[in-house]
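S.K.: give me a model of this one.
(chains A and B)
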Amino acid sequence: MTLGGSQDTTTLTGPGAADGPLVAQIAALLREVTGEDEQWLAALGPHTRLDADLLLESIELAELGEALARRYGEQVDLVAHVAGLALDQIIEFTLADAAAYVAARTAGGRR
Amino acid sequence: MSRYLFVTLPLMGHALPIAAVARQLEARGHEVTWAGSERFLRPLVGPQARVHPIPLRAHRGGQGELGMAAVRSRWAGYIVPHARTTLRGIDQAVQAFRPDALAVDQHAVAGALIAHRRALPWASLAPTTMELTRPYRALPKVESWILGLLEELWTEAGLPGRPPHDLCFSPHLLIAFTGTALVGAPAAHGRQPEAPEQLPWLRGAAFVGPALGPRAAGDEFPWHWLDPGRKHVLITMGTLSMDLAEGFYRRMTQALEPLGERLQAIVVAPHYAIPDPPGHVLAVRQVPMLELMPRLDAVVSHGGLNTVCEALAHGVPLVIAPIKGDQPINAAQVAAAGAGVRVRFARSGPQALREALVAVLDDPSYRAAALCVRDSFREAGGAAQAARLLDALTRTVPPVEREVAYEGVA
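M.R.: Residues are numbered from 1 along each chain as shown, chains lettered A, B, ... in the order given. Prediction:
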């Protein structure tokens, strides 16, 4: 299933705008990092857990971290943030948590 | 002649290489006793071997779990309870058998505790690469949680103070069943590749390569089915992953579908996992792995260290779809060595799987790299070299040189 071919990452194709634009933006970056398709992206939501649900590997997490730093600035360091979490928190870490972290690290909170 | 007590876990992938080492020690005239489940060990160690029986208890290992949840259940649900329930039996085995040294699986922590309690020299054996690169050192709270569990076990065993080192690493001897051709590759969470000499806890470690030994005879393999005019691929996702691997088998079967002209695939899987296989795909419950290897052109695997090393020991390149544990580490190391391709277990579709397999079959560089690893394994010495090192352990005062100091526990 293709939803209008290749999309700019800012276009909200997967998680709707109601989930918060940051969650959707991070989800789109995540799709780029993993090389997944639109159908995969469409299934992501704020409660999707990076480790437990997506089985994101450490290399992919690092790539997502780099993508976030490029987009939101060097003050956003997702790998360092996750490295500071306890095991249970890493397991439960969601897209919404990632969005909250990015929001807290960027000046205006959101873009 | 020296006496050795062997301690491992009731897991095939752990016990197989360690049993090969025990056999070599006996061939050198030493005496070996095992502390563990008679029912599990007997088929592996043979009718003559001495086993000090410790009843097998079912621990919730959480085999169905993935990601970091698998890390939690590996330690809290398996390694720690296993250490608790075997501690007494191992101590009794030491008192009954009076060994000169212990050979302890890195994850059979009770063996390390008893070696400390009885002040015996001991070796850590690493049948997986899980601990070798200490992959969680970039996640300090995860690593300190693990070290905290080891500290609890230490105290429960009646030992004073805190453990003087990470109990997965004996200060006397560390034997790993992998090779230096593989170890110097990607390691910790989101970190750059590191060479083993950069990792202080691996200094002085012995990388002996795979410890291959005879296996219990299994089902008769239909050798006549193999067509010498086509290439041969083995697909095996490990003994513990059958339930997790159903989707992977389905995608892999689709990947194989159009390749019948050029190859035959042997898939180690329950028959229900591959309903109605095409003519060039054979689903079998088990294979005589070591006899089959010389006839293979590629192996598709979950990346368990035994399968990876057995394939590479025969110069066979791999496609690896790692599931958990040390498998992602092994996959990254094989890819870095150029001896295989890594795919995604949970997500790679039929086309990506087919492309990876065809690349490994068609591009001679993968085979060439696999042959290089094979040669390095031969030099490493395998089970015989491990036995020589254990032999030396009881004849010399064990040097405590490697930096295995405890760090990270708050």
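
S.K.: confirm that B:Pro43 sits in a strand.
M.R.: No: per DSSP: H, G, I helix; E, B strand; the rest coil, B:Pro43 lies outside any strand segment and is helix.

S.K.: can you pull the contacts of B:Thr8?
M.R.: Residues near B:Thr8 by CB atoms under 8 Å, 6 or more residues apart in numbering or on different chains: B:His14, B:Ala15, B:Ile18, B:Trp34, B:Gly36, B:Asp105, B:Ala108, B:Leu125, B:Pro127. Glycine gets a C-beta too; all of them are placed from N, C-alpha and C.

S.K.: and those near chain A, which?
M.R.: Under the cut-off given by CB under 8 Å from any CB of the partner chain, chain A has nothing from those close to it.

S.K.: among those residues, which lie within helices?
M.R.: B:His14, B:Ala15, B:Ile18 (DSSP state H).

S.K.: might you list the low-confidence residue ranges for the chain?
M.R.: Going with chain A. Within chain A, the stretches with pLDDT under 70 are A:1-19, A:107-111.

S.K.: um, chain B though
M.R.: Residues of chain B meeting the criterion pLDDT under 70: B:59-64, B:184-198, B:216-218, B:239-243, B:397-410.

S.K.: how far away is the most centrally placed residue in chain A from chain B?
M.R.: Chain A has A:Ile26 as the residue nearest its centroid, 3.2 Å off, counting by CA atoms, centre = their mean. Here A:Ile26 is placed at a distance of 17 Å from chain B (CB to the nearest CB, to the nearest Å).

S.K.: you'd agree that residue is up against A:Gly65?
M.R.: No: using CB atoms under 8 Å, A:Ile26 makes no contact with A:Gly65, being 11.0 Å away.

S.K.: secondary structure element for the closest residue to chain B within chain A?
M.R.: Nearest residue of chain A to chain B: A:Ala62, at 3.6 Å (CB to the nearest CB). Per DSSP states H and E: A:Ala62 is located in helix A:58-72.

S.K.: mind giving me the packing neighbours of that helix?
M.R.: The contact analysis (3 or more CB pairs under 8 Å, 6 or more residues apart in numbering or on different chains; DSSP states H and E) places helix A:58-72 against helix A:21-34, helix A:78-83, helix A:95-105.

S.K.: buried set for the first one?
M.R.: Under the neighbour-count criterion of 16 or more other CB atoms under 10 Å in any protein chain shown, helix A:21-34 has A:Leu22, A:Val23, A:Ala24, A:Gln25, A:Ile26, A:Ala27, A:Ala28, A:Leu29, A:Leu30, A:Arg31, A:Val33, A:Thr34 buried.

S.K.: from the residues you listed, which is closest to B:Arg28?
M.R.: A:Thr34 (50.7 Å; CB to CB).

S.K.: and the closest one, what does it touch?
M.R.: So, once contact is read as CB under 8 Å, 6+ apart, A:Thr34 ends up touching A:Trp40, A:Leu54, A:Leu56, A:Glu60, B:Arg347.

S.K.: not counting the helix or strand hosting B:Ala96 itself, show me its contacts.
M.R.: Using DSSP H and E, B:Ala96 sits within helix B:80-97. Contacts with helix B:80-97, where a contact means CB under 8 Å, 6+ apart, come from B:3, B:5, B:7, B:9, B:33, B:35-36, B:50, B:52-55, B:57, B:59, B:102, B:108-111, B:113-114, B:117-118, B:120, B:149, B:152-153, B:156-157.

S.K.: do stretch B:41-56 as well
M.R.: With CB under 8 Å, 6+ apart, stretch B:41-56 has contacts from B:5, B:10, B:12, B:15-16, B:19, B:22, B:31-40, B:85-86, B:89-90, B:92-93, B:96-97, B:216.

S.K.: hmm, which of these are the buried ones?
M.R.: B:5, B:10, B:15-16, B:19, B:22, B:32-37, B:40, B:86, B:89-90, B:93, B:97.

S.K.: gap between B:Ala359 and chain A?
M.R.: 16 Å.

S.K.: quick one: list the elements packing against whichever strand or helix holds that residue.
M.R.: Assigned by DSSP H and E, B:Ala359 falls within helix B:350-362. Counting contacts by 3+ CB pairs under 8 Å, 6+ apart, helix B:350-362 is packed against strand B:231-236, helix B:246-256, strand B:298-301, strand B:318-320, strand B:340-342.

S.K.: restricting to C-alpha, output the third one in PDB.
M.R.: Okay, so that is strand B:298-301. Extracted C-alpha coordinates of strand B:298-301, given in PDB (Å, rounded to 0.1, in the frame of the first residue of the first chain):
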ATOM      1  CA  ALA B 298      25.600 -20.100   2.600                       C
ATOM      2  CA  VAL B 299      23.900 -20.200   6.000                       C
ATOM      3  CA  VAL B 300      20.900 -18.100   7.000                       C
ATOM      4  CA  SER B 301      20.900 -17.900  10.800                       C
END
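
S.K.: which parts of chain B are strands?
M.R.: Listed from the start of the chain, chain B has strands (DSSP state E) covering B:3-7, B:31-36, B:50-53, B:101-105, B:122-126, B:173-176, B:206-207, B:231-236, B:263-268, B:281-284, B:298-301, B:318-320, B:340-342.

S.K.: the fourth one pairs with which strands?
M.R.: What it means is strand B:101-105. strand B:3-7 (parallel), strand B:122-126 (parallel) (DSSP bridges).

S.K.: for A:Ala69, which of those strands is the nearest?
M.R.: Between these, strand B:122-126 lies closest to A:Ala69; by CB to CB that is 35.5 Å.

S.K.: what does the closest one rub up against?
M.R.: Counting by CB under 8 Å, 6+ apart, B:8, B:17-18, B:21, B:101-106, B:111-112, B:115, B:132, B:168-170, B:172-178, B:386, B:389-390, B:393 sit against strand B:122-126.

S.K.: which residue, other than its chain neighbours, is closest to the residue in the stretch 251-400 of chain B that chain A sits nearest to?
M.R.: Using CB to the nearest CB, the single residue of the stretch 251-400 of chain B nearest to chain A is B:Ala346, 5.1 Å away. Nearest in space to B:Ala346, with sequence neighbours left out and distances taken as CB to CB, 6 or more residues apart in numbering or on different chains, is A:Leu55 at 5.1 Å.

S.K.: mind listing what B:Ala283 touches?
M.R.: B:Val267, B:Ala269, B:Pro270, B:His271, B:Ala273, B:Ile274, B:Pro277.

S.K.: go again using 10 Å as the cut-off
M.R.: B:235, B:249, B:253, B:265-275, B:277 (CB atoms under 10 Å, 6 or more residues apart in numbering or on different chains).

S.K.: quick one: which of those residues is most hemmed in?
M.R.: B:Ile235 (28 neighbours; other CB atoms under 10 Å in any protein chain shown).

S.K.: for A:Leu68, give its distance to A:Ala103.
M.R.: 12 Å (CB to CB, to the nearest Å).

S.K.: what of B:Val21?
M.R.: Noted for B:Val21: a distance of 54 Å to A:Ala103, by CB to CB.

S.K.: next: A:Ala69.
M.R.: Distance from A:Ala69 to A:Ala103, by CB to CB: 15 Å.

S.K.: what does A:Glu74 show for phi and psi?
M.R.: Here is the backbone geometry of A:Glu74 (degrees, to the nearest 10): phi -60, psi -20.

S.K.: since we're on it, how many residues are nearby?
M.R.: So A:Glu74, with other CB under 10 Å, has 8 neighbours.
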